[in-house]
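> Turn this into a model:
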Amino acid sequence: MKVLVTVKEVAEPDDDFAIEGTDIAEADLEYDLNEWDDYAVEAAVQLAEAGIADEVVAVTIGPERAEETIRMALAKGADRAVRVWDDAFEEGFSDVAAKVTTFEAVVEAEEPDLVLGGVQAADTGFGATGVALAERIGFEHAAVVNDLEVDADAGVARVHRELEGGVEELTDVDLPAVLTVQTGLNEPRYASLRGIRQAQRKEIDAKDLADLGLSAADVESALAITSMYEPESESDAEIIEGDAGEAAGRLAEVLREKGVSA
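Below is the predicted model of the structure:
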């Protein structure tokens, strides 16, 4: 049984950041593995440790910089990785459809029995890539999975899903399937020193669109970022300073002004 894990490098801005054009200044960004994908990696590695999965393959769409992030998945137990990047991705914002088209080609090449990914990304928060991929490739799917048991012999994934209103659902999903997982599914491990060293020797297969039989037109985004700005905040809040007596006096004055106190 082969498990394919989709992972994403996400950017987190500093508290103080500058906007350059339609993006945050590169110098003000720090990159890391998407939190939700970390749980997906852990789930896949646990399946391998239990003897259920024979191979765990991590795949990401990202520039060479993203290799540091995908090596985190390798250090935590993934067997190998695929990194897809092309000049076409540099030209603008990649929407869900563009990513799904790319992952579809990877799935066709890898032929996994199970695809795992985080339910959403910390940067865009669309929460649509996993379910859209399942629709495109014709796999069964379940989203917001917070408990997972796989019976490879029966070809079934037994999943526990947390729905709106506190409703919990238990369901069987036939394999092959795409599952997007929620935080709390497991306890993601820290990469050990040994794992980090081993990750340096594991394969990261760098591919461009041509390697996947795709062209720039196939990943052209229907969405475009037209502007980015930090919204102005308006507040009537007043910070009352001084000792207790002064603060109490000012507070009473404000309450009288607002008609709260006689």
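> In the chain, where is pLDDT below threshold?
92, 261-262 (pLDDT under 70).
> let's see 90
Filtered on pLDDT under 90, the chain yields the residue ranges 11-32, 89-95, 122-127, 162-168, 184, 221-242, 244-247, 249-262.
> Residue 57: which element?
Applying DSSP states H and E as the criterion places residue 57 in strand 55-61.
> ok, now residue 134?
Per DSSP H and E: helix 129-137 holds residue 134.
> Residue 172: neighbour count?
14 (other CB atoms under 10 Å). To be clear about C-beta, it is placed using only N, CA and C from the backbone, and glycine gets the same treatment.
> Wait, residue 86 touches residue 211, no?
No. Residue 86 is beyond contact range of residue 211, at 9.1 Å (criterion: CB atoms under 8 Å).
> quick revisit: for the helix holding residue 134, list every residue counted as buried.
Neighbour-count burial for helix 129-137, counted by 16 or more other CB atoms under 10 Å, picks out 129-134, 137.
> now the helices for the protein?
For the chain, applying DSSP state H gives helices covering 35-49, 67-75, 87-90, 96-110, 129-137, 193-199, 244-257.
> Dump those into a markdown table; add distance to residue 177 as well.
Shown next, in a markdown table, are the helices of the chain (distance: least, CB to CB, whole Å):
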| stretch | distance to residue 177 |
| --- | --- |
| helix 35-49 | 13 |
| helix 67-75 | 20 |
| helix 87-90 | 27 |
| helix 96-110 | 12 |
| helix 129-137 | 7 |
| helix 193-199 | 27 |
| helix 244-257 | 59 |
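> To residue 186, which of those lies closest?
Residue 186 sits nearest to helix 35-49 of all the helices of the chain, at 4.8 Å, using CB to CB.
> out of the helices of the chain, nearest to residue 187?
helix 35-49 (7.3 Å).
> what angle do that closest one and helix 67-75 make?
Calculated by axes from the mean of the first three to the mean of the last three CA atoms, to 10 degrees, helix 35-49 forms an angle of 30 degrees with helix 67-75.
> got the buried residues for helix 35-49?
Buried-residue list, helix 35-49, by 16+ other CB under 10 Å: 36-48.
> residues in contact with the helix holding residue 134?
6, 96-97, 99-101, 103-104, 107-108, 115, 117-119, 121, 139-141, 143, 177-180 (CB atoms under 8 Å, 6 or more residues apart in numbering).
> mind running it again at 10 Å?
6, 8, 36, 40, 61, 95-97, 99-104, 106-108, 112, 115-121, 126, 139-143, 145, 173, 176-181 (CB atoms under 10 Å, 6 or more residues apart in numbering).
> One more: stretch 11-18?
Here stretch 11-18 has contacts from 19, 23-32, 122-123, 230, using CB under 10 Å, 6+ apart.
> before we move on, back to that, distance from the chain centre to the helix holding residue 134, please.
15 Å (CA atoms, centre = their mean, to the nearest Å).
> how many degrees apart are that helix and helix 35-49 in direction?
Going by the same axes, to 10 degrees, helix 129-137 makes 60 degrees with helix 35-49.
> relative to strand 55-61, how tilted is helix 129-137?
Computed with the same axes, to 10 degrees, the direction of helix 129-137 lies at 100 degrees from that of strand 55-61.
> Report the angle between helix 129-137 and helix 96-110.
60 degrees.
> For stretch 42-49, C-alpha coordinates in PDB please.
This file holds the C-alpha atoms of stretch 42-49, laid out as PDB (Å, rounded to 0.1, in the frame of the first residue of the first chain):
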ATOM      1  CA  GLU A  42       2.300  11.800  11.100                       C
ATOM      2  CA  ALA A  43      -0.700   9.700  10.100                       C
ATOM      3  CA  ALA A  44       1.100   8.300   7.000                       C
ATOM      4  CA  VAL A  45       4.200   7.500   9.000                       C
ATOM      5  CA  GLN A  46       2.200   5.700  11.700                       C
ATOM      6  CA  LEU A  47       0.600   3.600   8.900                       C
ATOM      7  CA  ALA A  48       4.000   2.600   7.800                       C
ATOM      8  CA  GLU A  49       5.200   1.800  11.300                       C
END
